[in-house]
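Student: with the sequence up front, the predicted model follows.
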Amino acid sequence: MSAGAWTLRAATAAVALLLAYEIVTISVAARALAGGRSGAAVSLRPNFALAAENAAHEALSSGDTARAALLAADAVRGSPLDQAATSELALARETQHRLGEEAGMMKAAGELGWRDPAVQLWTIKAALIENAPDVAVTRADAMLRQGTEPDRMLRLMRVLSRSPGGFSTLVERLSERPNWRPAYLDSLAGLTPADYPVHAHLLLALKHGEGPPSREEIGVFVGRLVSEQRYVEARRLWTQLTGGADPNNLIGDPKFASLLAAEPSPSPFEWTNYSAPDVEIGSAPSSGDRRGAVLSIAISGSGARRVIGQTLVLAPGQYVLRFGWHKDASDGSLKWAVSCTGGAEVPLTPESGRGSAPEAAKVWTLSVPAGCPSQQLVLWADKSTPDRAEFQLGSPTLEANR
């Protein structure tokens, strides 16, 4: 073998030996790091950025800011594009009151990615100080998508939504239907009465954008307003969002779509199925003598129970209620009733010449008194015999009696 060949072989062997040493020390350092011994990992591999980064974090947590700064600087030198290492160095500089360096480091860390919680929180804080709510929303969105600090971030989103820049950015983010949208719009997380006007405006903005609110998202907020007796406000918003109110018909959902849908509506202004025992509700046939019927109700058993109902918001005055029966109900099996929410009954009077009793009539008049800001319209089943009976209903109408 020539001298050159021997030299090449020797050099190759030396490189292989060096690589073997590197692999072993990296492996041992990684094992030490995995076992929570960052200091040992740094001793084995002084330029092991992840080990130095973790050791810096441990030093910072124990109050050894000088060592933390040295280790974090080593980590940054070993891996200049490592966001966590850069943020650890920034935090160390902050504890040393070197705020100018800290700000520069954190901004640099912020440009390296979205996943470090400390960086995101610092960036959000800086954005709030600099009056940049759009930046704060963007960073809070990143944290929420990762499931980091969800309660805190959702409350922050409520606050940020009150500023024009934060509001518009929030609408953009919610339109993308992120994983935290249900918590914000369905569960109403962090929502306080002070946020109600902004939340209503938000739903309206979503309606006209690319991520319109669902029946659930509309219904839960409208229901919240109703539960707090903000009836007029709730009804107006529901009308704006759903287009569900006809100026000539004060009944919500007159074709009973909410009863026939796969999922019930949470809105009190649409029909509620009370799931009464021995009562079946379905779509009515629309042929023959039942043409125009919309809802089919089958009742078995005897006794009184609520079948369906909805909330009304009628101003004091006179009204006319019309319901089309497509099978005779003169035996009293079905009865309509109106009452003030949580209060007295509002009598139904059959219109002259239209029937001898409220349950048999197709047209009734009612007078809503003062002090009755919201009403409940309920259909009752009250059969005296246990045999099965079926009824079909047409679309109802309710209008002011002019």
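Tutor: Thanks, I have the structure now.
Student: okay, and for this protein, where does confidence drop off?
Tutor: 1-116, 118, 244-245, 285-293, 325-332, 352-361 (pLDDT under 70).
Student: and this structure, what are its domains?
Tutor: Domain assignment for the chain, taken from automatic domain parsing, gives 1-113, 257-400.
Student: what's the span of the longest one, first residue to last?
Tutor: Put plainly, it is domain 257-400. End-to-end distance of domain 257-400 (C-alpha to C-alpha, to the nearest Å): 24 Å.
Student: show me where the protein has its strands.
Tutor: Applying DSSP state E to the chain gives strands spanning 272-273, 279-283, 293-299, 303-312, 317-322, 334-340, 345-346, 348-350, 363-368, 375-383, 389-394, 397-400.
Student: dump the ones you listed to JSON lines, plus mean neighbour count.
Tutor: C-beta: built from backbone N, CA, C; applies to glycine. Shown next, in JSON lines, are the strands of the chain (neighbours: other C-beta atoms under 10 Å):
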{"stretch": "strand 272-273", "mean neighbour count": "18"}
{"stretch": "strand 279-283", "mean neighbour count": "15"}
{"stretch": "strand 293-299", "mean neighbour count": "20"}
{"stretch": "strand 303-312", "mean neighbour count": "18"}
{"stretch": "strand 317-322", "mean neighbour count": "17"}
{"stretch": "strand 334-340", "mean neighbour count": "19"}
{"stretch": "strand 345-346", "mean neighbour count": "15"}
{"stretch": "strand 348-350", "mean neighbour count": "16"}
{"stretch": "strand 363-368", "mean neighbour count": "18"}
{"stretch": "strand 375-383", "mean neighbour count": "21"}
{"stretch": "strand 389-394", "mean neighbour count": "19"}
{"stretch": "strand 397-400", "mean neighbour count": "16"}
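Student: now distance to Gly252 too, for those, in CSV please.
Tutor: Shown next, in CSV, are the strands of the chain (distance: least, C-beta to C-beta, whole Å):
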stretch, distance to Gly252
strand 272-273, 11
strand 279-283, 17
strand 293-299, 14
strand 303-312, 6
strand 317-322, 13
strand 334-340, 14
strand 345-346, 17
strand 348-350, 19
strand 363-368, 16
strand 375-383, 9
strand 389-394, 15
strand 397-400, 10
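Student: Ala140 is nearest to which of those?
Tutor: The closest of these to Ala140 is strand 303-312. By C-beta to C-beta, the value is 35.4 Å.
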